[in-house]
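Undergrad: here is a sequence together with a model predicted from it:
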Amino acid sequence: MTSDDTITARAEMSARIATIDWRAGPTRLGPDIDRIRALAEHHHLPGAVAAAHQLRTAVARGERGVPVHRLLALLHEAVTGEYPGSPTEQDARSSVAA
């Protein structure tokens, strides 16, 4: 896996996050969230994996509006800013719980 692969994956995840923000309904969000999580797992981005999991769980519980937008922002931050030494999966979970 090269850094170009990771850059491409980050770009795809960021694009999917942006499109999620404009969609309605959990059935439409699920496939994009699952793809983001799979990409994050493949590229060893544990904060993004945790944030995607939290977003998927919130949508499945029926949450809408501000909580979902906050989780999308957290996911975007994890996808675009996660480098070696950045927040771990536990840090991402703590941020979501707060």
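TA: Okay, I see it. Residues are numbered from 1 along each chain as shown.
Undergrad: all helices for the protein, in order.
TA: 3-20, 26-42, 46-60, 66-81, 89-97 (DSSP state H).
Undergrad: sort out which residues of the longest one are buried, please.
TA: Spelled out, it's helix 3-20. Across helix 3-20, burial judged by 16 or more other CB atoms under 10 Å covers 6, 9-10, 13, 16-17, 20. Where C-beta positions appear, they are placed from N, C-alpha and C, glycine not excepted.
Undergrad: could you export those residues as TSV, including pLDDT and distance to R56?
TA: What follows is these, written out as TSV (pLDDT from 0 to 100; distance: CB to CB, whole Å):
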residue	pLDDT	distance to R56
T6	87	22
A9	89	18
R10	88	19
M13	86	14
R16	82	13
I17	81	13
I20	74	11
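Undergrad: returning to that earlier point: need the winner for burial among the helices of the chain.
TA: helix 46-60 (a mean of 22; mean count of other CB atoms under 10 Å).
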